[in-house]
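The following block contains a protein sequence and its predicted model.
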Amino acid sequence: MTDIVEKIVGDSPTEIATAFLKAVESGDEATIDSLQAPDCTWWILGRGIISRADYIADVKSMLLTAETRAVRIIGTIAEGDSVALEIKSEMKFGEHVYRNDYHDIFVVRDGLIVHGREYFDTAAVQAFQLSLSGAQA
């Protein structure tokens, strides 16, 4: 983990989830990897359940290719080993900007993410994909 992320990581699910999102924002692949349990699974809107390996590959091939990434947590609710985060993001890919609102749920056990669920605005994804192809929404 990077020094910045190590300073904010505690044992609570909220601290782990926050550190994970900060690692995504900063492009810290080592922390993205290290905060997930080996058997971590993800459920992504429109895809369903995917493996930890597939999730990491997706993050590397999509989010981490952005020239700049801004991830802002605007709401948090935690109960037991689960934390729900409301997130706004903006990522720049050349002249194209991807903005979306997310609701992510993290389940954390023994200091590691064991499951994540990601909900987002599918219209924002479609508009971004259309902008990349040169089509208009």
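Looks like it came in fine.

Check which helix or strand Ala70 maps to.
Taking DSSP states H and E as the definition, Ala70 sits inside strand 68-79.

then that strand to CSV, C-alphas only?
Provided in CSV are the C-alpha atoms of strand 68-79 (Å, rounded to 0.1, in the frame of the first residue of the first chain):
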residue,chain,number,x,y,z
THR,A,68,-7.2,12.0,-14.4
ARG,A,69,-9.6,10.4,-11.9
ALA,A,70,-11.7,12.2,-9.2
VAL,A,71,-13.7,10.0,-6.8
ARG,A,72,-15.8,11.9,-4.2
ILE,A,73,-17.7,10.1,-1.4
ILE,A,74,-20.8,12.1,-0.7
GLY,A,75,-22.6,9.7,1.7
THR,A,76,-21.8,6.8,4.0
ILE,A,77,-23.9,4.3,5.9
ALA,A,78,-22.2,1.5,7.8
GLU,A,79,-23.7,-1.4,9.8
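
Next, the buried residues of it.
Within strand 68-79, the residues that qualify as buried are 69, 71, 73, 78, counting by 16 or more other Cβ atoms under 10 Å. To be clear about C-beta, it is placed using only N, CA and C from the backbone, and glycine gets the same treatment.

Farthest pair within the residues you listed?
Arg69 and Ala78 (24.0 Å; Cβ to Cβ).

related to what we said a few turns ago, between the buried residues of strand 68-79, which is nearest Asp110?
Ala78 (16.3 Å).

so the closest one bridges to which residues?
Beta-bridge pairing for Ala78 (DSSP bridges): Val83.

wait, it sits on Ile16?
No: counting by Cβ atoms under 8 Å, Ala78 does not reach Ile16; the two are 10.5 Å apart.

Determine the residues that are contacts of both of those two.
With contacts defined as Cβ atoms under 8 Å, 6 or more residues apart in numbering, no residue is adjacent to both Ala78 and Ile16.

now do the same end-to-end measure for stretch 115-127.
Its start and end residues considered, stretch 115-127 measures 28 Å (Cα to Cα, to the nearest Å).
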